[in-house]
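>>> Sequence and computational prediction follow.
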Amino acid sequence: MSIHILGIRHHGPGSARHVRDFLERVRPDIVLVEGPPEADPILEWVGHAELKPPVAILAYQPDAPDQSAFYPFAEFSPEWQAMSYARRVRVPVKFMDLPAVHLFALKSADAAPAVDAGDVAEAAAAVRIDPMTHLAAAAGYTSGEKWWEHAIEYRSDGEQVFEAVTEAMQELRLAFPSTDRREEALREAYMRRTIRQAEKEMYSVVAVICGAWHVPALVEMPAQKADNELLKGLPKVKVECTWVPWTYSRLSYYSGYGAGIASPGWYEHVWNRPDDDGSRWMANVAKLFRSKNMDISVAHVIEAVRLANSLAALRGLSKAGLEELNEATLSVFCMGEGLMMQLVHDELIVSNRLGEVPVEIPKPPLQVDIEKLQKRLRLPPAADFKDYTLDLRKDTDLERSIFLHRLQLLGLKWGHRSEVSGKGTFKEQWRLQWDPAFSIDIIERGNLGNTVEEAAANFVIQQASDATALAEVCVLLENALPAEIPAAVEQLIGKINNLAAASADTLQLMAVIPGLVNVSRYGNVRKTDAELVTGIATTMIIRVCVSLPAACAAVDDEAAGRLLELFFAMNEAVNLLDQAEILREWQATLTAIAAGQNAAPMIAGYATRLLLDYKSLEGEELVNRFAHAVSPVVPPGVAAAWLEGFLKGSGTLLLIDPALWAVVNNWVSGIDAESFTQVLPLLRRTFSHYTQSERRKLGEKVRSGEVGMVKKVDAGFDEAKAVRGIPIVLQLLGIK
């Protein structure tokens, strides 16, 4: 019996080519691959026409889907080539790593072994030292990554490459022993057990494909008893496996993937074009730049290839690598400007490729329903983002919107919604970008229902039953109504009714009213009966109108500022609702607040401004109200707060009404120096919200000296009667 241990680098195109060539030459009768044994049953899909890498094996606990792991493969992964070979020539292929049933159990909090703090520090120090850098330094390279690429991945001749890797790893493991080897030791013990099992089953030629670091532990096997003792009594959990699509961006180490690579797109090019001297790669770069309207000629390509190969020769390299090609691209194509190199990195070096998985592969019912809807609604998942503008008056676009809203309720952020310019509620803008990690989220939500509609409804109902705050339930309703889940909406409305009836907090009611009114707008567009929502909103508005004047009294400046924002949103909601009775109630409330003596000055000023907008207060009456609010007898701070509320939102009013301008101008001019210093921050805050154009025009008006004319306030003053009352007033004051 012969056992061949092939040490490889995960996702290395050269390693993959060497493995494929070795297997074709040796013809083993069983292939053992580093990976989870629970996934052996789904290896039958390897070689299927619709299983197109990059793909990943997803291993997860059905009762705790957050405990999961991905095992990704690209076409240039040595493990993928080994599995593909075995399936093609019909020889057994098995995974031989420590089963996920043990790995998940060991990593859980209750089963994790205690680790001494000193051991952790030593392990952390060991991680920071990459043993490969010592081999690279001996060969004259600056990094282990670059040395491995030129020594293994770019190597065209694979003769004795695995023997060389074995020898190198043996020396490295002797020189740099691991300080925290428990999991590593368990994994290697199980790999040896699998090899021994192949021996017992009388296979004559065994090919073992594993990470290069593990090779010495599999070449020199300890006694079987020692491995059995090490693996004895390991805890277990239930684990299931399936295939999921993967992306090159997830394959890169930029995504946080531990065995990730820097350049999956480049490695795919190296795999498909092993003899390329840089010409084809530079042609791809030129094509990308031309698509961005950059002027790139054939001469640019030729010059860039020459420069890359010259750099490789100067550095003593057998061929130009990615580093040399990038430097040539930067110099020749980009003229030294690095901005466009980010485009090369994203589109070519990493790439946005997404794999495919056959629909027949067993999946959770919820995932099956999502895939069916994606296909029927022509919303294919893609690694790159794609924008959709949906017209909700069209049936297909309406169904798309409902589907995306339901996924958002489930926490699947495949689509990100943005505002659409223009009026109306019949358009939505979505940006879609698929993330392979959604597979875990779908499995987690699978216990809520077998379809997207059922799962979304159950999820919302569950959230509503746990919610205790009125605002929280109203947000749920706002999100649930466009998703068209009537059962959940009915329960939410009932909960809102109950919480609103029990709430005496006026400000809380004001906070939720705008959202409810906004929800009612979907009534006509989405063919949804929103009358119940409108009824709740109108009832709340009437309750607010009754209690609001008292709520505006005896509040400090900070509370008044928060209340002012609620007023603004409340007024918008009332206008949006557009019901005559509600408008009358609201304007009567504003009149009571504006004329009352106890309301916070800022709120009274804003109420006055709203009455002006409704044309309920204008002309001489408005000027009189304004003059009284900022008259000399009113403390400057109070007058400034009133003015801030009145002028909220726009300063145009001061530009077009000479009488109001004159009142404000005279008030500011009459403030003494000390009082002006006190009110200056309030005035600056008031005018800082205006546009630059408004501030400029107001400044020009001040500089021109235009003061306008103040209308005389006719209060029916009788001078003769006033003179006769003076002695009585003096007597009351005790003045002789």
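Now that the structure is in, tell me what you want to look at. Numbering: from 1, shown residues only.
>>> Can you name the residues that contact S675?
636-637 (CB atoms under 8 Å, 6 or more residues apart in numbering). For every residue, glycine as well, the C-beta is placed using N, CA and C.
>>> now the one 10 residues further on
When contacts are counted by CB under 8 Å, 6+ apart, R685 touches E644.
>>> Check what pLDDT it gets.
Turning to R685, the model gives it a pLDDT of 70.
>>> secondary structure element for it?
Assigned by DSSP states H and E, R685 belongs to helix 673-688.
>>> And for L58?
Using DSSP H and E, L58 falls within strand 55-61.
>>> What helices and strands are in contact with that strand?
Packed against strand 55-61 by the contact rule (3 or more CB pairs under 8 Å, 6 or more residues apart in numbering; DSSP states H and E) you find strand 64-73, helix 100-107, strand 240-245, helix 438-445.
>>> can we see that at 6 Å?
Where contact means 3 or more CB pairs under 6 Å, 6 or more residues apart in numbering; DSSP states H and E, strand 55-61 is packed against strand 64-73, strand 240-245.
>>> among the ones you listed, which is nearest A722?
strand 64-73 (82.4 Å; CB to CB).
>>> Pull up the pairing partners for the closest one, direction included.
Next to strand 64-73 in the sheet, as set by DSSP bridges, lie strand 55-61 (antiparallel).
>>> could you give the angle of the strand it pairs with to helix 438-445?
30 degrees (axes from the mean of the first three to the mean of the last three CA atoms, to 10 degrees).
>>> Report the mean per-residue pLDDT for strand 55-61.
Per-residue pLDDT values over strand 55-61 give a mean of 89.
>>> quick one, it and strand 240-245 angle?
150 degrees.
>>> List the buried residues of strand 55-61.
Neighbour-count burial for strand 55-61, counted by 16 or more other CB atoms under 10 Å, picks out 55-61.
>>> So which of those residues is the closest to R306?
R306 has its nearest neighbour among these in V55, at 38.6 Å by CB to CB.
>>> Distance check, the closest one against R250.
From V55 over to R250 the distance is 11 Å, taken as CB to CB, to the nearest Å.
>>> Quick check on R431: phi, psi?
For R431, the backbone dihedrals (degrees, to the nearest 10) come out as phi -120, psi 120.
>>> Kindly report the same for the one 4 residues further on.
Backbone dihedrals for D435, given as degrees, to the nearest 10, come out at phi -120, psi 130.
>>> how much space is there between it and T247?
When distance is defined by CB to CB, D435 is 8 Å away from T247.
>>> Between these two, tell me which one has more neighbours.
Using other CB atoms under 10 Å as the criterion, D435 and T247 rank with T247 on top: 27 against 16.
>>> I'd like the buried residues of strand 55-61 written out as JSON lines, with distance to M202 added.
Shown next, in JSON lines, are the buried residues of strand 55-61 (distance: CB to CB, whole Å):
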{"residue": "V55", "distance to M202": "33"}
{"residue": "A56", "distance to M202": "33"}
{"residue": "I57", "distance to M202": "29"}
{"residue": "L58", "distance to M202": "34"}
{"residue": "A59", "distance to M202": "30"}
{"residue": "Y60", "distance to M202": "35"}
{"residue": "Q61", "distance to M202": "36"}
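>>> ok, of those, which one's closest to D391?
Lowest distance from D391 to the buried residues of strand 55-61 (CB to CB) belongs to V55, with 35.5 Å.
>>> Okay, and the beta partners of the closest one?
When bridges are called by DSSP bridges, V55 pairs up with F73, P245.
>>> residues in contact with it?
243, 246, 355 (CB atoms under 6 Å, 6 or more residues apart in numbering).
>>> count of neighbours near the first one?
This points to W243. 25.
>>> Leaving out sequence neighbours, find the closest residue to L410.
Excluding its sequence neighbours, the residue lying closest to L410 (CB to CB, 6 or more residues apart in numbering) is R445, at 5.0 Å.
>>> Burial check on P681, number of neighbours?
Neighbours of P681 under the rule other CB under 10 Å: 10.
>>> Distance of it relative to L564?
Where L564 is concerned, P681 sits at a distance of 16 Å (CB to CB).
>>> what does A320 give?
65 Å.
>>> D275 too?
D275 sits 72 Å away from L564, going by CB to CB.
>>> neighbour count winner among those two?
The residue with more neighbours, out of D275 and L564, is L564; 17 against 7, by other CB under 10 Å.
>>> In contact with the more buried one, which residues?
602, 606.
>>> Could you list the alpha-carbon positions for stretch 318-336 in CSV?
Taking Å, rounded to 0.1, in the frame of the first residue of the first chain, the C-alpha atoms of stretch 318-336 are listed here in CSV:
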residue,chain,number,x,y,z
SER,A,318,11.1,33.7,-13.3
LYS,A,319,8.0,35.7,-14.4
ALA,A,320,6.1,38.8,-13.6
GLY,A,321,3.7,38.4,-10.7
LEU,A,322,0.8,40.5,-9.6
GLU,A,323,3.0,43.1,-7.8
GLU,A,324,5.0,43.8,-11.0
LEU,A,325,1.9,44.0,-13.1
ASN,A,326,0.3,46.4,-10.7
GLU,A,327,3.3,48.6,-10.7
ALA,A,328,3.3,48.6,-14.5
THR,A,329,-0.4,49.4,-14.6
LEU,A,330,0.1,52.3,-12.1
SER,A,331,3.0,53.8,-14.2
VAL,A,332,1.7,53.3,-17.7
PHE,A,333,-2.1,53.3,-17.5
CYS,A,334,-2.7,55.5,-14.5
MET,A,335,0.3,57.9,-14.9
GLY,A,336,1.2,57.5,-11.3
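>>> Sort out which residues of it are buried, please.
319-330, 332-334.
>>> closest to G734 among those residues?
C334 (90.8 Å).
>>> Kindly state the pLDDT recorded for the closest one?
In this model, C334 is scored at 90, pLDDT.
>>> try G355
pLDDT for G355: 90.
>>> okay, now it: neighbour count?
Neighbour count of G355, defined by other CB under 10 Å: 23.
>>> residues contacting it?
Applying CB under 6 Å, 6+ apart to G355 gives the contacts 52-55, 245-246.
>>> What sits closest to R27 if chain neighbours are left out?
V205 (6.9 Å).
>>> Now do the SS call for S156.
In three-state terms, and counting by DSSP: H, G, I helix; E, B strand; the rest coil, S156 is coil.
>>> residues of stretch 279-297 that come out buried?
Buried, per 16+ other CB under 10 Å, within stretch 279-297: 281-286, 288-289, 296.
>>> So what touches it?
Counting by CB under 6 Å, 6+ apart, 269, 273, 301, 304-305, 325, 329, 344, 347-348 sit against stretch 279-297.
>>> Over to stretch 160-173?
Residues from elsewhere that reach stretch 160-173 (CB under 6 Å, 6+ apart): 6-7, 18, 131, 212, 215-216.
>>> Stretch 483-500 too?
The contact list for stretch 483-500 (CB under 6 Å, 6+ apart) reads 402, 405-406, 409, 456-457, 460-461, 464, 470, 473, 476-477, 480-481, 532, 536, 540.
>>> quick one: the strands in the chain?
Secondary structure of the chain (DSSP state E): strands at 2-8, 30-33, 55-61, 64-73, 93-95, 205-211, 240-245, 386-391, 415-418, 427-432.
>>> can you put the ones you listed in CSV and add distance to L492?
Listed next are those as CSV, based on distance: least, CB to CB, whole Å:
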stretch, distance to L492
strand 2-8, 55
strand 30-33, 51
strand 55-61, 32
strand 64-73, 27
strand 93-95, 47
strand 205-211, 52
strand 240-245, 34
strand 386-391, 24
strand 415-418, 20
strand 427-432, 21
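>>> Share the number of residues neighbouring the residue nearest to Y614 when sequence neighbours are not counted, please.
Leaving aside its sequence neighbours, Y614 sits nearest to Q587 (CB to CB, 6+ apart; 5.7 Å). Neighbour count for Q587, taken as other CB under 10 Å: 18.
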